[in-house]
Each structure stands twice: as structure tokens, then as C-alpha cells.
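A.B. asks: here is the input, now give the coordinates:
(chains A and B)
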Number of protein chains: 2
Amino acid sequence: MDALKKPNGANSSPLTPLGFIERAAIVYADSPSIIYNELTYTWADTFRRCLKLASSISLLSIKKSDVVSVLAPNIPATYELHFAITMTGAVINTINTRLDARTISVILKHNESKLVFVDHQLTHLIQEALSLLPDLCSHPHLVLIEDNGPASGSVSKLVKFINTYEAMVEAGDPGFKWVRPESDWDPMTLNYTSGTTSAPKGVVHSHRGTFMVAVDSLLEWGVPKQPVCLWTLPMFHANGWSYVWGMAAVGATNICLRKFDAAIIYSAIRTHHVTHMCGAPVVLNMLSNGEVLSHPVHIMTAGAPPPPAVLSRTESLGFDVTHGYGLTETGGLVVACSWKKEWNRLPVTERARLKARQGVRTIGMTAVDIVDPESGVSVTRDGLTQGEIVLRGACLMLGYLKDPESTAKCVKNGWFYTGDVGVMHADGYLEIKDRSKDVIISGGENLSSVEVESVLYLHPAVNEAAVVGRPDEFWGETPCAFVSLKEDWGKPAPTAEEIMLFCKGKLPGYMVPKTVVFMEDLPKTSTGKIQKFALREYTKKMGFAIKSRI
Amino acid sequence: MDALKKPNGANSSPLTPLGFIERAAIVYADSPSIIYNELTYTWADTFRRCLKLASSISLLSIKKSDVVSVLAPNIPATYELHFAITMTGAVINTINTRLDARTISVILKHNESKLVFVDHQLTHLIQEALSLLPDLCSHPHLVLIEDNGPASGSVSKLVKFINTYEAMVEAGDPGFKWVRPESDWDPMTLNYTSGTTSAPKGVVHSHRGTFMVAVDSLLEWGVPKQPVCLWTLPMFHANGWSYVWGMAAVGATNICLRKFDAAIIYSAIRTHHVTHMCGAPVVLNMLSNGEVLSHPVHIMTAGAPPPPAVLSRTESLGFDVTHGYGLTETGGLVVACSWKKEWNRLPVTERARLKARQGVRTIGMTAVDIVDPESGVSVTRDGLTQGEIVLRGACLMLGYLKDPESTAKCVKNGWFYTGDVGVMHADGYLEIKDRSKDVIISGGENLSSVEVESVLYLHPAVNEAAVVGRPDEFWGETPCAFVSLKEDWGKPAPTAEEIMLFCKGKLPGYMVPKTVVFMEDLPKTSTGKIQKFALREYTKKMGFAIKSRI
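C.D. replies: Predicted coordinates:
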């Protein structure tokens, strides 16, 4: 028996999601792959275009494991480049389009991109980023994506493009032999962690990891064949939580969108009969004052714990919300609040409370636990004892690019340490209480900002809410709430005192915000997460609160 | 970048489907896992019972990679043993219950089983098998499965059982720490190839391969969460085409059946609201004269090319048939006739003809091709040029137990050579023409027995049909048809001449059967495949046909 305990020539070909598109070109040849404004491609088109583009990219002396970057919104080119770049053996780095030029220059210097594909609306941004690169640093070649949707903005004349995107597709060889990975562990994607931390890190995933998270995420969400996916989630956000790959596996119709608001989403749902979409809770919030749907739309949310009030409002309109959890380091969602049939019988608020929990590991993951970060021992499964969420499984990253220290800091003892603080409920479902750095420590008590926010969202006038610690001479910190109000709130705006009073009956005294700041819009990252570090800066400028006792 | 190109402690834990049941015990804790007559277990029960059983098995000094065998029909114990045995680090070998004692003794000698779990109805069979073991060969320990369904048959008094199944479950430790594989390639299952070949070979699959085929098969079939699976496919047939594992991943209700006929199946569909079932085309044939369903039932068929006439009859009753292809060596189905929406608009016979094709590789496989077996070069994609089907991907076996020569004969040049002959259609869908040994060579023409059978099935009186080559002095071989007729065929039975005449307008002359033999039942393997070798033996006894020219 033991003589067989090794790979052989037939079963050991490296796993990769790139085969999905090759297969889609057979099975879904004549079905729509991408729709963008007036444009429609089929899966046969998409495969052929990707092969041609890949052949043109490889003529630019891009070598295996070189980084090729993309700076573009959710347009067809961004979808195609996920496959075309990696089909040459190169690594794709999709850059968050909402980053400032300085951060982009730091990223390009760090990953030594050989080539950057730039959307025509972002040429000034790339020009500024390149101007910030040190003199000795070699500049990447640039390719201009002119886009075939409604154009706007002018193309910078200060940068030189070696070619346009469509010319590269046009000139390419459709018979190109795409480069298969040599091993499961060949790098495939590079994604920089976004702005809730100050120093972005370059997360590298392998072909195997990407394959696994793509397959796993399809199973977890129960995505059927040939869904219609509306791209409300930026593809540059962990490759659309891996669904960029997954949608090729199931032959989806990908509805691309340059930008969107609630009206655009509802219109797309009606026009294209959208079945699936993803987005941070901020997208749910955007939809929650909208119209009742004529057909159910499956929506996957993650990125921050969704307030129960937002969940129940969205579901009442006909959205079927799944709540998942993942990080850039997991390549997609690896924990999800797998729904139990029997929960359908519960009242709506109870359902929303259960669904706001992050849940259980997905089928493809090996293990998830919540441990004491010092000892590594599992916390009691009582829904109360807090600990750090740790993960183990095939979806996890290879590590951080050029940063073995950071990698070693979070990959240890056979686990990935997420830096997220949570509790394990008695039924085996976990719930995040906070990012460890977002925990507020008030008078020695650990206080979950997320719990306070959940209560704030229950107030009928509140549109968005975020709570951070405000320095306090006596308590160390006290909870400080930042709140935006609904535009269509007909009645007089509540005062800070009214908001605090509202919380009082619903939270222990030490958790009730001692300060309430009203803002028109809360500062957000490109992926819709509220930038708590910016709010913390704000509280520092406010100075110490007046000494207070509860 | 290259520094990262290797596994790390968090992402490299070996893949195994055993985690599915652990997760099911959380997500589907209170949902039914197994129903068998009056008995119902939940997933919490099943996980607990498997842990207890595993702890009892490991107390019997079963070591890692030892083989533990099971000789039982589709009862709850068989399902549980798939997990309990492998949770100890041992390898599970489910023995085909319809084998003769001699073959079973050959298997037990070959795999050196340390322990055999035996159904109470099969104790005489195991007793006879053990009596045939050579004197020097150590005998396995036996455990009696008394079953909790309606008992029948008497237990042999000539064999000694060390324990009963339920006593082992009862005595076990529910806190048992199940043994995780040390590597992806640790062996997990052993299945002997069934009787269409003369020498059964022991196919060994790894934990990784089993995980991959299980996940892949769920995706391919589009199995939703919490389906109701009727076990019409023997679990001893490649672990139920991997769905034994897959059903734990999705928290299915497994309806176990000791034996079945059409009436039992239709009754179970009504009682349990069955959503999914698998079976060889012989099962479809069994159902095809039945009642119209009140809800759609998804049925996966494979094991032999289903005659288009049987497909269209079954579908007209409300069965949603998926046609797949796999071998014991692939652990499940790795090619499937992925259905295209646009085909729904075609006439029923055309739909059935398309669905009778085996199709395209599944998402989890790397590649499938049809090649000239001598040169390894791909055949022309014209639907006519025959070649051997070759496969590559993570679902493939580790190899044959104690048989490196046979392994090397089929695993070569990075491919697994299936021994099946097929054609590749222009649209990229493959179709099996025959097992290579079933091809009839008549006057130098290669003749697909499957094609002739498809025509025979169109005859309204034909129940089952099989065609083999009959030795012929002039032609080498000529096609000889074996036919059973429908019991409820009201009119006079057709004569051999009428059958030949029926074929004449539909096939080229050389493919029309020159001999037609009527049988009450065609000889079949335990998995419902017609035993062509037995029919070939029959034709040899018939002697040479009278010299004939067409």
C-alpha cells in the first residue's frame, strides 16, 4: 500500500482555475460571458480574446512570475486580464482604483510591475504615480484601455502608452498555448491589503489556492450553472472574492459596471434578470431603501459584520442574503453563515441576528478556531469569551511579497492568525466582535465597536454608523459614535443626546457612546469599509473628553 | 516572488473528505442524515456514531494503511463505515456483495484485510470465501452487522464474529480524535474493478483524490444543499461514484435501501420526496415504464452508454437525467454531458442523441482527450475518427494495489489510458463507441457494438439488448445481438428476422446483426453492466456462423 503513497503522472497536474475558461469555451460556447452597456461577448469570444491577449503579452518579454498590474474598474478588460495575464505564467496585480497616487507608486515599486494596463479615465492617476517613483526605479510599460462604454475624462498626454488594449487583442494569436503552472504552488495573484491598516502588504496566492477558493466559494454559495452575476463588488478586491474565476467555471453571464448606485443596480437587476451579486454591507445599505424585487436575487456580503437591521431590511425586499467572511489572505470567503432550514421559522429580528454571525468554515477549508492569541488554546464555546480567529486550509495565501517577517508573524503553529477578534457560539458558529485593533478598551473592559454599531443601526434615522475609542483620561478610552443620517428621514434630525438615550436601554452603560458625531458621509476605503483609523485620528484631534463617570 | 513558491503551515494541510462529516455535524446537526425503514439519524448522530465506531476499530490494533473490508448492501452501516474506517487511518474496501465466494477470497488474500464487517445476510458467503483462503493466509477478524431493518436469512454458525456492529458503536468513545492524513497522497479507499474484465484489480485512491472527485461531482451535478438522495447505486461501486462523501458535504438525507425494484423506487420517491439518485442505464430502463412524477427527480447515470430510446422514455416521466462517465480508476464521474440551454429547443429524439454522448471533462479535471493509442496524437474532432479516451487530473487513482505493471500500463505520458474507445465531436463533446475489447471487427471494419444496441433499443418490443462479435470464417467476426423482450409487450414476439429487418434501414449493412438470440434476462455484473464476456463465450459455443455475404 505504501508504495502507492505518492503522486503519479496522471493525477498530479497542478491545480489551476485557468482551465475553467477553456472548458467554458466548449460547454458555454454560444452563451453570454460578459455584458457591458451595448456590448455582449460569448464564452467562445472570451476564451479566444484571452488567448490572443496572452500571446501579445508574452511577446513583451514578460517572464514567468513577473508581475503585471491592472488599474481599471469592473469593465470587460479587467475580467479578461485576470485570465490573459496569468495564462502567460505572469502574476496579476489588480490595483484598487481609489488609491492615491502615492500609494500606487509604492505598490508599483514594491512589486516591480513590468507592465500596467490602465483605464482611460485613470491615466492622470498613473501619470502622477509614475512621477513619484524614484529615479533609479525602472518604469513599467503602459497599455491604454480605451474602453468601449461611454467615454469620459481625457487621456493624460504626459505618459507614453506602448499600445492600446484592443490593438493587443487584435494582433494576438488565438492558437497561443497558454502556460500551465509547473507546480501547485506557482504564484498567480498579488493583491494588496486595503486601507484599514497603514502599511499595505502584498498578498500572494498560488494557482492551487486560487483553484481551491474558487471551487469552494461556488459550493458554499450554491451557485448554479449559468447564473447572471452583477459586478457590484470590485474585481480588484481579492479578485472579486474569487468569483472572477468561479463565474467561468459555471458559465455565468458577467454584467460589468463602471460605477453604480442603487438606481443602476435595480435597473440592471430588471434588465438582465440578475441572479447573483456581491458587496460589502454598505451595498446592502444602499439597496435597503429600494424596491421589492420581482425575482429573488442572491447577494453575498462580507468585509464587515452587517448590522442586523440592514440585513432584515434587505431581505424584506426579496434579496436572499448570505453572509460570509474572508480576508485578502484567504483569497475569498472561507467562513460563511450556512443557513439552517429551521431558522426560517424564527421571527425576522432573530433571523437577522443569527445571520449577522460569520458562521462556520466552508467545505474546502480544513479548520477554523478561536483561540487565546497568547497560548493558542481554543476559547470556551459560550458566545462570550473572546479570542483571535485562526484558519487552516488550502485557500490560504503563500505569504506576503518580500516580507517574510510579516508572513511569519501571522502564519505560525500550523494556523493563519487573522487579527480578528471573535467568539464561538455553543452551536459551533463563530461571530466577529472586532478587528483586534478596533476593540475599545474602556476602564479595563474590552468593548466590541461592532456591537455598539448594531444598536445604532436600529435607530430609524441612522444611515451609517461607526464606533471607535476616544481617548479619555479616566477610562483610557470611551466609545465615540460617528453617524450619518438618512437623506429621506422626514422628521427633525435626532440630537446626540437622543442617540445616546436610544442606546441606553439596549446596551450596558460602559458601551453606550459618550460622544456622538454627525457626519454627512463616513470616510470609506475603496471596498466600502469604513476607515476607522481616520475616525480615530478625528477623535485624537477632539482631545480628551471631559472626565466622566457612569 | 519565487521565495514564496512553496507550501506553508497554514495552507498545506492534506485534503480529505473526512472533514465533511465533522462540518455536517455543526451545520446540519438536527437534520436527517440517514433514513432506513423506520430508522432516522441526524448528522449529529451520524458523526457521533462514526467517531465511536472509529475508536472501537482502532482498539483492534488496526494500523495506518491497513485494509478494512465491508461486505454489506446499502444499509446505514455501510454509509457510516466509509467514514469510521478511514477516520482511523485505515483504508476502506467495500466488496461487491454479488461476487462469488472464490472472487471474494482472492480479494481478501490480495489486500490482507485485517477486519471485515459482514451483513447478517451474507455470513454464508463470507464463510465460504474464508474456507477458500490458503491455509497459511491469516484470516481477518469478522464483525457481524445485524441490521435494524426487516431481517431475513440465517447467520452462519461456521464463522466466529469478534463482535457485533452495534456493540462496537455502543462501546466507542465519542471524544475520539480522528486520524487526519499525513499527506495528500495517503491511501484512503480500495475498490476492485468489477467483472467486465477477467482479472479484478485493486484501485487505490488517496485522500486528496477522494476529496477532489467528491467536490467536483457535487459541482458537476449542481447538487444543492440538503438534497434527498435515494441510494439506488451500490455504495460499493466506487464509493457510490464519490457521492457517499459528497452527500455529507451538502448535508443530504440519505435514503438507504437493502434492495429495490421499480415499485420500491417510486414509493420511496413519493414518501421521502427524493431529489437525487444514481444508477446504471439498467436502472433507467427499470423506471422507464413507470409513472409520471409529481416533482422532478435528478438522476445521474453512467457505467454504460444509455440508449437514446431509454433516455427519452425516462425524461418524459419527469426524471431530469444527467449522463456522466467515469471508471473505478477515476473515483467517480469525471466526464459529463454538460447540458446546454439551447438544446432544450430540439426535438426529443435529438435531445436524447446529444445526451447519450459522454460529454466534457468536469471542472475539477485537468484534461481529457481522445488519442491514437499508438502515437498518442489527438484524433480529428469529426465525430468519426476513433481513438482511446485518456484522462488527466486530480481525481485519478494512486494506482493498482501490488500491481505496478498494470499501473504503468495505463498511467503513462502524463495520462491515464482508459481502454475505452471513443470519438470527439466537433463541438468538443466526446462519445464512447465501445470498450476497446468490445469493438467488433468485421471484414476489417471497426464496428461499435453500442451503436447497434442503440438501434435495437428503438424497437418497441425490446427490453434490453447487447451486441458482441461472433466468430465468422469469412468476416473474422459478425455482429450477434442478444435481446430480451418486454414482459408487457402485448403483441406476438418479433422473430430474429424481423429484428434484423428493423435494423436494416437504420444501419450500414455490415453493422446489421447477422444473428439474433432471444434471452429472458441478459447476464449482468453486480453494477448492472451487461457481461459481454459471458455473451462472447456463448457465441463461441455457437460455433462459426454459416459463411455469409452482405
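A.B. asks: confirm A:Trp245 sits in a helix?
C.D. replies: Yes: counting by DSSP: H, G, I helix; E, B strand; the rest coil, A:Trp245 falls inside a helix.
A.B. asks: surely it meets A:His82?
C.D. replies: Yes: using Cβ atoms under 8 Å, A:Trp245 is in contact with A:His82, at 7.3 Å. Backbone N, C-alpha and C define where each C-beta goes, glycine included.
A.B. asks: what is in contact with those two at once?
C.D. replies: Residues touching both A:Trp245 and A:His82 (Cβ atoms under 8 Å, 6 or more residues apart in numbering or on different chains): A:Asn239.
A.B. asks: and for A:Glu374, the neighbour number?
C.D. replies: Per other Cβ atoms under 10 Å in any protein chain shown, the neighbour tally for A:Glu374 reads 8.
A.B. asks: and the stretch 201-350 of chain A, which of its residues are near chain B?
C.D. replies: Residues of the stretch 201-350 of chain A lying near chain B by Cβ under 8 Å from any Cβ of the partner chain: A:204, A:206, A:209, A:215-216, A:218-219, A:222, A:224-226, A:249, A:338, A:340-342.
A.B. asks: and those residues, which is closest to B:Pro187?
C.D. replies: Distance to B:Pro187, by Cβ to Cβ, is smallest for A:Val215 among these, at 23.3 Å.
A.B. asks: which SSE is that closest one in?
C.D. replies: helix A:207-221 (DSSP states H and E).
A.B. asks: for that helix, packing partners?
C.D. replies: Under the contact definition 3 or more Cβ pairs under 8 Å, 6 or more residues apart in numbering or on different chains; DSSP states H and E, helix A:207-221 sits against strand A:187-192, helix A:243-249, strand A:319-327, strand A:332-336, helix B:207-221.
A.B. asks: any chance of the ones you listed in TSV with mean neighbour count and distance to B:Thr322 as columns?
C.D. replies: Below are the helices and strands packed on helix A:207-221 laid out as TSV (neighbours: other Cβ atoms under 10 Å in any protein chain shown; distance: least, Cβ to Cβ, whole Å):
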stretch	mean neighbour count	distance to B:Thr322
strand A:187-192	27	31
helix A:243-249	29	17
strand A:319-327	23	25
strand A:332-336	28	27
helix B:207-221	27	6
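A.B. asks: turn those into JSON lines, columns for distance to B:Glu146 and mean pLDDT.
C.D. replies: Below are the helices and strands packed on helix A:207-221 laid out as JSON lines (distance: least, Cβ to Cβ, whole Å; pLDDT from 0 to 100):
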{"stretch": "strand A:187-192", "distance to B:Glu146": "53", "mean pLDDT": "97"}
{"stretch": "helix A:243-249", "distance to B:Glu146": "45", "mean pLDDT": "98"}
{"stretch": "strand A:319-327", "distance to B:Glu146": "43", "mean pLDDT": "94"}
{"stretch": "strand A:332-336", "distance to B:Glu146": "40", "mean pLDDT": "97"}
{"stretch": "helix B:207-221", "distance to B:Glu146": "29", "mean pLDDT": "98"}
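A.B. asks: would a markdown table of the ones you listed with distance to A:Asp434 be doable?
C.D. replies: Putting those into a markdown table (distance: least, Cβ to Cβ, whole Å) gives the following:
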| stretch | distance to A:Asp434 |
| --- | --- |
| strand A:187-192 | 23 |
| helix A:243-249 | 27 |
| strand A:319-327 | 13 |
| strand A:332-336 | 16 |
| helix B:207-221 | 33 |
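A.B. asks: now do A:Cys137, the pLDDT please.
C.D. replies: Looking at A:Cys137, its pLDDT stands at 83.
A.B. asks: tell me how many other residues crowd the closest residue in space to it that isn't next to it in sequence.
C.D. replies: Setting aside the residues directly before and after it, A:Cys137 is nearest to A:Lys109 in space (Cβ to Cβ, 6 or more residues apart in numbering or on different chains), at 5.4 Å. By other Cβ under 10 Å, the residues close to A:Lys109 number 15.
A.B. asks: same check on A:Val179?
C.D. replies: Neighbours of A:Val179 using other Cβ under 10 Å come to 16.
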